[in-house]
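Enquirer: Got a sequence here, can you model it:
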Amino acid sequence: MSSRGNAALELNPAPTSGRPLSILLLEDSPLDAQLVAAQLEEGGLPATLECVAGRTAFSSALSKGKFDLILSDYNVPGFDGMSALEAAQAVCPDTPFLFVSGALGEDRAIELLKRGATDYVLKDRLERLGPSVRRALREAEGVRLRKRTEEALRRSEERYQLVAHASFDAIWDWDLQTDAMHWIGDATEEVFGFALEEVGADAAWWRRHIHADDRERVLAGLQRAFESDDDRWQDEYRVLRKDASYAYVAAQGCIVRGASGKVRRIVGAMRDITERRRAEEEKQKLVHEAQARVEFEQQLIGIVSHDLRNPLGAILTGASLMLRREDIQPWHAKAAARILSAAERATRMIRDLLDFTQARMGGGIPVQAAPCDFHALTLQVVEEARTAHPERTILMEQEGDGQGSWDADRMAQVLSNILGNALKYSPEETPVRVESRCEPDALVVHVRNGGDPIQPDLLPRIFEPLQRGTTVGRSERSIGLGLYIVRQLVLAHGGTVDAQSSAEEGTVFTVRLPRLRASETPSSLE
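Expert: Okay, here's the model as predicted:
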């Protein structure tokens, strides 16, 4: 091996499972290099030595390879050990650096250790080389492990800080052993109104800032979670802000227990939900007000409708008796007929109001099914309409067997409302057609009229309460409940009703009723 060049010396590997050590040796004496290699082999340290003898070769070796250990003589011609140490620290500061030299004064040795050398071994005591190398490698591994741990902790803390910064939650960590409570995150200031440095470092500060009306409940809930096997806790409560106002917060935490199961700490997050709670409370308030208003209106309608029936009954009876008198004057008869017509119309309105109130209050409109000939019922309703509207043409067509089980009075009400609606909203010179047809399991009724179609924006809402069309040249005497009640009565029978309207085809109301037996018919609309 030349004293001026580089040489690699392979030691016989020891019986270990690890790879041989990669060692850079700065030594200008081939004999000393051989002695170092022999000492390492004797000490059971299998290694590959790359021997260099000067500055240039040393620097080149450092730049090309990664070594487990650097051994260096202190006195190398043209290149002292201190310079070698500085060069090594600049390139690979974590690699152990040991001096293997001749006479080395105590002061110089101490200075080298202060500058970063791991250890030094005198050439006349090379038996210390093996233990020194092992110790240096252990220390280097410890340093690397510590640095990796510190880096992992740094990264973890960095992620924690970034998450806390990006989160809308105030994050807290409560040590139950010391009662210390650490807060982090910009949201802490948003929740409490205090800067982070103003927030107390113990849980007592947090407890004091819980609303007095919520404090006992919150702390009791925490204690129950601690005493149980739960690993999570959550609650909603109010906290006092710096400006003396209160904020609603939603808090949750992860409970950490020791080996014995005793709670050691709880880590969690807290979010300001003040606006959400206010919106919920406002919504709830509006709902309650709306419910109260609807209940009042329905009760009022029910009371008024019920109490009006008695005086209207007296008016109907009196008008009927007047019309039956043989000696009644013509003008008296005309007045009595108007009174009777108005009273009957008022009675129908009251009946609609009572049905509407009962349906909207959840009681359902009662129906009592019984055997019924629907064709005969339809004919009766049509004849009554012809009598009331002698100027109108009402055509009727019936097909099939009309027998079934329905509430005859309620079905007459359905037909009368639909037919009355067709007469009201169609020109007098146009006919109205009533068709009833039986199918195997159902009965279908169509009521058709001409005239202007129902407005497209009104058609989808035609069966809703208080929806009315317009009639040209006529005063509107409806309260807009007829078709709503029609739909409720048809639904109570398990049927369907719909309306179609166009300028070409006119308006068609279609009722489809199942041909139910009495035992299958519901008694009321649920």
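
Enquirer: Which stretches in the stretch 351-500 of the chain count as strands?
Expert: In the stretch 351-500 of the chain, the segments counted as strands under DSSP state E, counting those that start in this stretch are 370-373, 394-399, 403-406, 432-438, 442-449, 496-502.

Enquirer: out of these, which comes closest to residue 266?
Expert: Nearest to residue 266, of all these, is strand 496-502, at 58.9 Å by C-beta to C-beta. C-beta: built from backbone N, CA, C; applies to glycine.

Enquirer: On the three-state scheme, residue 109 is what?
Expert: Recorded secondary structure, residue 109: helix (DSSP: H, G, I helix; E, B strand; the rest coil).

Enquirer: do you know how far it is from residue 416?
Expert: Applying C-beta to C-beta, to the nearest Å, the value for residue 109 to residue 416 is 120 Å.

Enquirer: Now render the strands of the stretch 351-500 of the chain as TSV, adding mean pLDDT.
Expert: Compiled in TSV, the strands of the stretch 351-500 of the chain are given as follows (pLDDT from 0 to 100):
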stretch	mean pLDDT
strand 370-373	91
strand 394-399	92
strand 403-406	90
strand 432-438	93
strand 442-449	94
strand 496-502	92
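
Enquirer: and of those strands, who's closest to residue 71?
Expert: Per C-beta to C-beta, nearest to residue 71 of the strands of the stretch 351-500 of the chain: strand 496-502, 98.6 Å.

Enquirer: Buried ones in the closest one, by neighbour count?
Expert: Using 16 or more other C-beta atoms under 10 Å as the test for burial, strand 496-502 gives 497, 499, 501.

Enquirer: Pretty sure the first one sits against residue 510.
Expert: Right, residue 497. Yes. Between residue 497 and residue 510 there is a contact under C-beta atoms under 8 Å: 6.9 Å.

Enquirer: Show the backbone phi and psi for residue 457.
Expert: phi -70, psi -20 (degrees, to the nearest 10).

Enquirer: which residues of the stretch 151-300 of the chain fall in helices?
Expert: 187-192, 203-208, 212-227, 274-324 (DSSP state H, counting those that start in this stretch).

Enquirer: Highest mean neighbour count out of those helices?
Expert: The highest average neighbour count among those, using mean count of other C-beta atoms under 10 Å, belongs to helix 187-192 at a mean of 20.

Enquirer: List of residues touching it?
Expert: Helix 187-192 is contacted from outside by 164, 167-171, 194-196, 199, 209, 239-242, 247, 249, 270-272, using C-beta atoms under 8 Å, 6 or more residues apart in numbering.

Enquirer: Next: stretch 59-75.
Expert: If you take C-beta under 8 Å, 6+ apart as the criterion, stretch 59-75 is touched by 6, 21-29, 32, 36, 47, 50, 52, 80-81, 84-85, 87-88, 91-92, 95-102, 104, 108, 112, 133, 136-137.

Enquirer: Does anything pack onto whichever strand or helix holds residue 508? Which helices or strands?
Expert: For residue 508, the host element (DSSP states H and E) is strand 506-514. Applying 3 or more C-beta pairs under 8 Å, 6 or more residues apart in numbering; DSSP states H and E, one finds that strand 506-514 contacts helix 408-424, strand 442-449, helix 482-492, strand 496-502.

Enquirer: relative to strand 432-438, how tilted is it?
Expert: Angle, strand 506-514 to strand 432-438, by axes from the mean of the first three to the mean of the last three C-alpha atoms, to 10 degrees: 30 degrees.

Enquirer: Kindly export strand 506-514 (C-alpha atoms) in PDB.
Expert: Output of strand 506-514 as PDB, limited to C-alpha atoms (Å, rounded to 0.1, in the frame of the first residue of the first chain):
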ATOM      1  CA  GLY A 506    -111.400  21.800 -21.600                       C
ATOM      2  CA  THR A 507    -111.200  20.900 -17.900                       C
ATOM      3  CA  VAL A 508    -111.700  17.300 -16.700                       C
ATOM      4  CA  PHE A 509    -111.900  16.200 -13.000                       C
ATOM      5  CA  THR A 510    -111.300  12.500 -12.600                       C
ATOM      6  CA  VAL A 511    -112.300  10.600  -9.400                       C
ATOM      7  CA  ARG A 512    -111.200   6.900  -9.100                       C
ATOM      8  CA  LEU A 513    -112.700   5.000  -6.200                       C
ATOM      9  CA  PRO A 514    -111.800   1.400  -5.200                       C
END
